[in-house]
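Participant: have a look at this prediction, sequence included:
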Amino acid sequence: MNLTLVMTKVFLKIFSRDRQAIIFSLIFPLLMMLAFGFFNSGEEDPIVIGIADNANSTLSRDFIASIDANPLFTVAQGTEQSLRIQVISGNIGLALIVPEEFRGSPANIDLRLLIDTSQTAQMNAVIPLLEQGLVEVERDLRGLVPLFALNIEDVEARTQTYLDFLVPGLLAMALMQIAMGGSGFNLVEFRRKGILKRLFVTPIQPKNFITGLVLSRLVIVLVQLSLLLGIAILLLDITFIGNLFNLYVFIILGTTIFLSLGFCLGSLAKTQQAIMAMNMLLTWPQMLLSGIFYPIDAMPAAVQPLANVLPLSFVVNGLRSVAIEGANVISLMPNVIGILVWIAIALGFAIRLFNWKEVAT
């Protein structure tokens, strides 16, 4: 145990002197969080809707006023011809044509909406609001009393933002980079410099070396991810409703996976250039397919089965479910089992390939 603690202390000192590794592993995900935080901090611009009021009646003016009162819209009035040109040119998103018959007591009047049908998302957001505005105008015109009223009670719930979704994925990505970089790259460097050969003739056993490296990396991961999470909560005001114990369970399990995978690569690679290429080959597909930046369900159906079984996917799903849904380890048992299976596979290969002197061939 004393030798293990000595090795842990040595590895922590080595990492603390590697400023580039500290900057890359901490600053890179931090800059990404801050960038996405600033991009999502502003309010959405209202949709500019052009309205051609051919009726010019009290009713039509009331209808236009009800649309203009909605914060989603900014009304720009003009003639039908000028508004049509602006929609075609893309200067405005859509134009509403109010016919001359829209006065007095209109019945069965069709209002035309000029819009680019390729803007599907905009149509889905705008048309229901316009229909609601028409219902309110008709109700006022006929003197109808609403059948029911909607009373809103604020329970101080928070709407999930894209940043809330993103941060757990960035934590998992940082975890993977710190763990794999710390085990694989260091192993190749120690072997290249002959440090492992010298350790081979000391009382230090492989278990002391590996356990010390694992413990040091766990400490580093926990410290750095705690800093990133604290910054995200305090400065970016992300939603975190989970329990820290459950979060750290997934952090520790995920770190174990990628430390083991790093040991595998470190035992196979002969040079720093080789392990860099292997590391990119193993990590980049996971960063793209593990649901860090967008849900796996939104990916092509052919890719989803592969994406769902990647080791980083289990870690991302676990961290995200704990952080924004308040889930616990028991409810996330399928993710825990998936992580444990990957740990068994990766650790088995790491033990099989590790040696003090030569690089595995």
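Facilitator: Sure, I can see it. Values in this document were obtained by computation on a predicted structure and should not be read as measured data. Numbering: from 1, shown residues only.
Participant: quick one: the strands in the chain?
Facilitator: Ranges of strands in the chain, per DSSP state E, are 47-53, 73-77, 94-98, 112-115.
Participant: show me how this structure divides into domains.
Facilitator: Annotated domains of the chain cover 2-39+161-353, 47-142 [automatic domain parsing].
Participant: as a markdown table, those with mean neighbour count and mean pLDDT would be great.
Facilitator: From N, CA and C alone the C-beta is placed, and that goes for glycine too. Below are the domains of the chain laid out as a markdown table (neighbours: other C-beta atoms under 10 Å; pLDDT from 0 to 100):
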| stretch | mean neighbour count | mean pLDDT |
| --- | --- | --- |
| domain 2-39+161-353 | 18 | 82 |
| domain 47-142 | 15 | 77 |
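Participant: what about the helices in the stretch 201-350 of the chain?
Facilitator: Remark: helices assigned in the stretch 201-350 of the chain by DSSP state H, counting those that start in this stretch are 206-234, 244-268, 272-289, 304-308, 311-325, 333-353.
Participant: and the second one, what does it pack onto?
Facilitator: Counting contacts by 3 or more C-beta pairs under 8 Å, 6 or more residues apart in numbering; DSSP states H and E, helix 244-268 is packed against helix 162-180, helix 186-192, helix 206-234, helix 272-289, helix 311-325, helix 333-353.
Participant: recalculate using a threshold of 6 Å.
Facilitator: Contact partners of helix 244-268 among helices and strands, from 3 or more C-beta pairs under 6 Å, 6 or more residues apart in numbering; DSSP states H and E: helix 162-180, helix 206-234, helix 311-325, helix 333-353.
Participant: who touches that helix?
Facilitator: 175-176, 179-180, 183-184, 187-188, 214, 217-218, 221, 225, 275, 278, 311, 315, 318-319, 322, 328-329, 339, 342-343, 346-347, 349-350, 353-354, 360 (C-beta atoms under 6 Å, 6 or more residues apart in numbering).
Participant: pipe the strands of the chain into JSON lines and attach distance to Lys193 per row.
Facilitator: Below are the strands of the chain laid out as JSON lines (distance: least, C-beta to C-beta, whole Å):
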{"stretch": "strand 47-53", "distance to Lys193": "62"}
{"stretch": "strand 73-77", "distance to Lys193": "66"}
{"stretch": "strand 94-98", "distance to Lys193": "67"}
{"stretch": "strand 112-115", "distance to Lys193": "67"}
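Participant: what about these, which gets the closest to Thr283?
Facilitator: Nearest of the strands of the chain to Thr283, taken as C-beta to C-beta: strand 47-53 at 40.4 Å.
Participant: got the angle for that closest one vs strand 73-77?
Facilitator: Interaxial angle, strand 47-53 versus strand 73-77 (axes from the mean of the first three to the mean of the last three C-alpha atoms, to 10 degrees): 40 degrees.
Participant: tell me where the stretch 1-150 of the chain has helices.
Facilitator: Per DSSP H, counting those that start in this stretch, the stretch 1-150 of the chain carries helices over the ranges 2-17, 19-22, 28-39, 58-68, 80-89, 120-142.
Participant: and the gap between the residue nearest to Leu34 when sequence neighbours are not counted and Leu170?
Facilitator: Nearest non-adjacent residue to Leu34, counting by C-beta to C-beta, 6 or more residues apart in numbering: Leu236, 7.4 Å away. As judged by C-beta to C-beta, to the nearest Å, Leu236 and Leu170 stand 11 Å apart.
Participant: can you check Ile178 too?
Facilitator: Distance, Ile178 to Leu170, using C-beta to C-beta: 12 Å.
Participant: try Leu312
Facilitator: 12 Å.
Participant: next: Gln272.
Facilitator: Per C-beta to C-beta, Gln272 is found 26 Å from Leu170.
Participant: what sits against the closest residue in space to Phe102 that isn't next to it in sequence?
Facilitator: Spatial nearest neighbour of Phe102, excluding adjacent residues (C-beta to C-beta, 6+ apart): Ala55 at 4.0 Å. Counting by C-beta under 6 Å, 6+ apart, Ala55 touches Val98, Glu100, Phe102, Arg103.
Participant: repeat the analysis, applying 10 Å as the threshold.
Facilitator: The neighbourhood of Ala55, defined by C-beta atoms under 10 Å, 6 or more residues apart in numbering, consists of Arg61, Phe63, Ile64, Val98, Pro99, Glu100, Glu101, Phe102, Arg103, Gly104, Pro106, Ile109.
Participant: so how far is Pro29 from it?
Facilitator: 57 Å.
Participant: then Ser60?
Facilitator: From Ser60 to Pro29 the distance is 54 Å (C-beta to C-beta).
Participant: kindly report the same for Leu218.
Facilitator: Applying C-beta to C-beta to Leu218 and Pro29 gives a distance of 18 Å.
Participant: also Leu187?
Facilitator: Leu187 sits 24 Å away from Pro29, taking C-beta to C-beta as the criterion.
Participant: again with Ser331
Facilitator: Distance, Ser331 to Pro29, by C-beta to C-beta: 27 Å.
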